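**Student:** With the sequence up front, the predicted model follows.
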Amino acid sequence: LGSSTAFEYGELASFVRRHGGRVHRSLALADPAPCGSRGLVAEKPIPETDARTGPLVVVPASLEINAGRARTAMANVPGIGELDNGAVVVL
């Protein structure tokens, strides 16, 4: 990981945790990931007990990005009403 990517990932993981979510400490952001895109990978071994006791990443519903929230946040963007929900979420 580059230092800026590691910092951004650390900030994101901390943000999720502060809002009641979980991000396993063995995970890291890889850019590019083995699939050729950006993604989460195990940077350190994940103990079997951790893998069996629950998800490695849990994002609270309050942080979910959905079309309704995206439209509200971008209400003043010209032309936003002409886009379908999928395009709005991607923006």
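**Tutor:** Received the coordinates, thanks.

**Student:** which stretches of this protein have low pLDDT?
**Tutor:** Where the chain drops to pLDDT under 70, the residues are 1-7, 33.

**Student:** what sits against the closest residue to L63 other than its chain neighbours?
**Tutor:** Leaving aside its chain neighbours, L63 sits nearest to H19 (5.7 Å; criterion: Cβ to Cβ, 6 or more residues apart in numbering). (C-beta placed from N, C-alpha, C; glycine too.) Taking Cβ atoms under 8 Å, 6 or more residues apart in numbering, we find H19 in contact with P60, S62, L63.

**Student:** Tell me how many other residues surround V23.
**Tutor:** 20 (other Cβ atoms under 10 Å).

**Student:** How about R17?
**Tutor:** Neighbours of R17 using other Cβ under 10 Å come to 13.

**Student:** For it, which three-state class applies?
**Tutor:** Secondary structure state of R17, per DSSP: H, G, I helix; E, B strand; the rest coil, is helix.

**Student:** bridging residues for the closest residue to it other than its chain neighbours?
**Tutor:** Counting by Cβ to Cβ, 6+ apart, V23 is the residue found nearest to R17 once chain neighbours are left out, at 6.3 Å. V23 has the following beta-bridge partners by DSSP bridges: V57.
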